[in-house]
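# sharing a model prediction with you, sequence too.
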Amino acid sequence: MSPGSQDEAQRRIRAAVSRETVDTRDMISRPQEELATGDALSPPEASSSHVSRETWDELPIASEARRAVDVLNPAGNTFPRPSRPRTICIANQKGGVGKTTTAVNIGVALALHGLKVLVIDLDPQGNASTGLDVPHHSGLPSSYSVLVEDAKLESVMQRVTGVDNLWCVPATIDLAGAEVELVSVTARERRLEAALDECPESFDYILIDCPPSLGLLTVNALVAAKEVLIPIQCEYYALEGLGQLLHNVGLVAENLNPVLRVSTILLTMYDGRTKLADQVANEVRTHFKDDVVNAVIPRSVRVSEAPGYGQSIITYDPGSRGATSYVAAAKEIAERGAAMPVGEGVA
Ligand code: ADP
Ligand code: MG
């Protein structure tokens with residue numbers, strides 16, 4: 001972590017400390033979802049625990065702040081590198097299930113833990129670009145330039161400010177016309193794959209944030225990727241449409257990208273107050289077994305606030321349950337990546 005990012009990490013941790021003082025006094029007014037996870041109910045820890053003395057002043061910290069320290073990783077602990085670079089398409093044609101939130105937060109978590117990450121925004125709404133605070137006005141170099149105008153990937157990627165090791169290819173609204181503009185282009189479903197193959201930069205993780213459809217943009221992502229991560233909301237209609245998605249992944253694997261497979265399922269927006277959330281989670285685990293990440297992302301107002309500040313939940317509120325859950329999920333994903341046979345997913 002660069003000195004600048006370290007200062008920033010310390011500032012955020014201090015903010016978490018001061019918030020904790022208020023939170024413990026005023027526990028009842030904590031957001032419901034924090035209470036629902038049971039986390040805010042655990043007593044604040046003894047004020048004798050301290051943030052590392054070598055790095056900055058002694059601070060009396062309680063649980064939230066200590067979680068913030070783990071999440072922002074000022075000590076520079078690293079997650080294991082994958083046994084080969086991983087390109088993961090984050091897809092689900094249902095909107096609002098947490099695709100973009102997952103791309104942003106898993107990307108930030110992996111990068112904060114020393115892995116080199118590229119997030120490719122492939123949704124014309126540009127929400128991942130917003131969440132990472134990367135400029136994406138119409139006309140700027142973007143994923144549209146790569147898909148439609150033959151721009152080189154390395155010429156359109158931008159560094160994400162405040163997070164070392166993290167780059168983003170933004171999406172502009174121009175992308176909304178790309179599916180139509182690509183109709184007459186040869187090998188139109190291989191545009192992103194070709195751009196990735198030609199890119200001289202290498203990354204440990206490339207995460208592709210898909211739009212909520214199974215059109216040509218998502219097909220480009222499925223062809224370019226080796227793995228699919230499906231976020232599933234722990235809610236009633238969550239499993240609807242999943243069959244169609246799996247069918248399409250199968251079609252792409254059969255016809256265009258034989259190595260493609262669904263490798264990761266992430267349960268999102270889990271609300272521990274409802275029985276339904278558990279039922280959905282159990283059903284998903286029964287069906288997808290070990291592909292389901294153990295860490296579950298809770299429904300949390302803080303998670304939904306973060307993009308409004310151009311931030312991930314990890315940098316916006318590092319001590320929150322949303323942040324710790326995303327970091328835990330990223331760690332599992334990294335550990336699975338390190339354990340993969342080197343040849344797996346290679347054509
Ligand atoms: P998608 O990309 O699948 O459409 P998003 O990631 O944009 O979904 O999430 C949809 C909305 O839900 C956004 O407003 C986002 O901020 C919010 N959101 C995502 N994850 C959570 C969560 N764990 N808790 C609460 N709100 C969330
Ligand atoms: Mg999205």
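Arrived safely, thanks for sending. Numbers count the residues shown, from 1 in each chain. Ligands and ions are numbered 1, 2, ... in the order given.
# can you give me the helices for the stretch 51-200 of the chain?
Here the stretch 51-200 of the chain has its helices, by DSSP state H, counting those that start in this stretch, at 63-72, 99-112, 127-131, 143-149, 153-156, 178-181, 191-198.
# among the ones you listed, which comes closest to His137?
helix 127-131 (10.0 Å; C-beta to C-beta). Where C-beta positions appear, they are placed from N, C-alpha and C, glycine not excepted.
# check what contacts that closest one and list those residues.
100-101, 103-104, 119, 121, 135-136, 168, 170-171, 209, 306-307, 310-312 (C-beta atoms under 8 Å, 6 or more residues apart in numbering).
# helices or strands up against the helix or strand encompassing Val228?
For Val228, the element it lies in under DSSP states H and E is strand 227-233. Counting contacts by 3 or more C-beta pairs under 8 Å, 6 or more residues apart in numbering; DSSP states H and E, strand 227-233 packs against strand 86-90, helix 99-112, helix 242-255, strand 261-268, helix 275-288.
# buried ones among the contacts of helix 127-131?
With neighbours counted by 16 or more other C-beta atoms under 10 Å, the contacts of helix 127-131 contain buried members at 100-101, 103-104, 119, 121, 136, 168, 170-171, 209, 306-307, 310-312.
# what about the stretch 201-347 of the chain, any weak spots by pLDDT?
Applying pLDDT under 70 to the stretch 201-347 of the chain picks out residues 343-347.
# for ligand 2, what are the nearby residues on the chain?
Lys99, Thr100, Asp123, Asn127 (C-beta under 5 Å from the ion).
# what's the burial count for Thr324?
Around Thr324 there are 22 other residues, counting by other C-beta atoms under 10 Å.
# for the residue nearest to it when sequence neighbours are not counted, what are its contacts?
In space, and not counting its chain neighbours, Thr324 is closest to Arg67: 5.1 Å by C-beta to C-beta, 6 or more residues apart in numbering. Neighbouring residues of Arg67 by C-beta under 8 Å, 6+ apart: Ala16, Pro318, Gly319, Ser320, Ala323, Thr324.
# now Glu154
Cys199, Pro200, Glu201.
# redo that, cut-off 6 Å
Cys199, Glu201 (C-beta atoms under 6 Å, 6 or more residues apart in numbering).
# good, wrapping up.
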